[in-house]
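1. Structure of the sequence below:
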Amino acid sequence: MLKRYYIHSYDEILEKIKRRMESLEVPSPPKKHRDRIGKLKTLYLKRLELVYNILNSEIDRIIETLSILSKTHKFYQELFMIRAGKSAVEYRRLYIGKKRILRRLYVRYRIMLKTINLEYELKIRYKEAIGRLLSVLKRHKKVQMMIKEAVRELSKMPSISEDELKVIVAGMPQVGKSTLVSKLSTAEPEIAQYPFTTKTIIVGHLIKEPYYRIAFIDTPGLLDRPLSERNIIELKAILALKYLADKTVYLIDASSNSYYTLDEQYRVLEDVLKISSEGIIVCINKIDITPRDKIEYVRKTLSEKYGISDVLEISALKGIGLDKLLEKIIPKDYTLQHI
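-> Numbers count the residues shown, from 1 in each chain. Take a look at the predicted model:
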């Protein structure tokens, strides 16, 4: 989505200006005072124009990027806001204002430098002009860095089309989400024997033209804690549930190898139900290593406590029960024209 856009930090822009400045020829001091002033004035005006053009171009790049972001899916807009602190629309207004200020300063100092005929005053006003132009971006250099980092992260995010069924795979860390997505789709997520392996959104597709095209979305694990305490990794999963899910597969690990207790997993399930109450399919995963009585205990709890009686039993690793899961995900009469 944003792969061709790169936002430079203020320090990167300053370095670029310094390099370009060095390429401009410095006039040798002529014998006559008038000639020396004229050549110095020409050099300063060229440098002023150079600084203005670079800064203006960088601001245009930021405005264009923010304009595109403000028209993307709500999921990407919310993720940008979490990383950058404000919406793309708000920051776009800020940089449109900066562009106007930059232009006014450039015109003002260009006229001023042209009319000065004293060498010492010319040098003072030139330094002042460059400083004022640079200050237009310098005063918000931290903001620009946040925008840069947010755009860089979003540029790595997979594109998710509106024209496909989107299935979110959710649950606590290490319950088998990545394994399931890799079994059902083209995705190749990193899978390891420790939590928090998935740190971003991973998308894989299951395509059978012309019948269906499904995006399986592997999300970072959610922890049993208040929303205000969740980090950026967990918030990505929450945003995916809120804005992308046509259907949600929630995985529970009831095996003795589980990193988290069943109560913790139930509490996260409650959060998921609040965020995305429709189209949730609850699966007990890892049934190949889970005792039957434990599976029945979980089924009973889900039915009595949450009213969820249609619970699937699967083993993502062994491929057990995945056909039934796909039947639940894909309606029998489902085709691309129904999307």
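2. So which residues of the stretch 151-300 of the chain form helices?
-> Here the stretch 151-300 of the chain has its helices, by DSSP state H, counting those that start in this stretch, at 177-184, 232-243, 262-275, 292-306.
3. most tightly surrounded among the ones you listed?
-> Mean neighbour count (mean count of other C-beta atoms under 10 Å) peaks for helix 177-184 among those, with a mean of 24. All C-beta spots, glycine's among them, are computed from the backbone N, C-alpha and C.
4. Report the contact partners of E64.
-> Each residue near E64 by C-beta atoms under 8 Å, 6 or more residues apart in numbering is listed here: Y5.
5. For E22, give its distance to L312.
-> To L312, E22 is 66 Å away according to C-beta to C-beta, to the nearest Å.
6. quick one, which of the two is more surrounded?
-> L312 (18 against 8; other C-beta atoms under 10 Å).
7. From M21, how far out is the nearest residue to S87 once chain neighbours are set aside?
-> Excluding the flanking residues, the one nearest S87 by C-beta to C-beta, 6 or more residues apart in numbering is M81, at 5.2 Å. Here M81 is placed at a distance of 37 Å from M21 (C-beta to C-beta).
8. And these two? Which one has more around it.
-> More crowded of M81 and M21, by other C-beta under 10 Å: M81, with 18 against 15.
9. Surely that one is in contact with V89?
-> No - assessed by C-beta atoms under 8 Å, M81 is found out of contact with V89, at 9.8 Å.
10. Contacts for stretch 304-317, please.
-> With contacts defined as C-beta under 8 Å, 6+ apart, stretch 304-317 is touched by 176, 179-180, 183, 251, 266, 269-270, 273, 281-288, 295, 298-299, 302-303, 320-322, 324-325, 328.
11. go with 7 Å
-> 176, 179-180, 183, 281-288, 295, 299, 302-303, 320-322, 324-325, 328 (C-beta atoms under 7 Å, 6 or more residues apart in numbering).
12. ok so, going back, between the helices of the stretch 151-300 of the chain, which gets nearest to L134?
-> Closest of these to L134 is helix 232-243, at 31.2 Å (criterion: C-beta to C-beta).
13. Put the alpha carbons of the closest one into PDB.
-> C-alpha atoms of helix 232-243 as PDB (Å, rounded to 0.1, in the frame of the first residue of the first chain):
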ATOM      1  CA  ILE A 232       1.100  -2.000  20.100                       C
ATOM      2  CA  ILE A 233       1.400  -5.700  19.100                       C
ATOM      3  CA  GLU A 234      -1.800  -6.600  20.900                       C
ATOM      4  CA  LEU A 235      -3.600  -3.500  19.600                       C
ATOM      5  CA  LYS A 236      -3.000  -4.700  16.100                       C
ATOM      6  CA  ALA A 237      -5.000  -7.800  16.900                       C
ATOM      7  CA  ILE A 238      -7.800  -5.800  18.400                       C
ATOM      8  CA  LEU A 239      -8.000  -3.500  15.400                       C
ATOM      9  CA  ALA A 240      -8.100  -6.500  13.000                       C
ATOM     10  CA  LEU A 241     -11.000  -7.900  15.000                       C
ATOM     11  CA  LYS A 242     -12.800  -4.600  15.100                       C
ATOM     12  CA  TYR A 243     -12.400  -3.600  11.400                       C
END
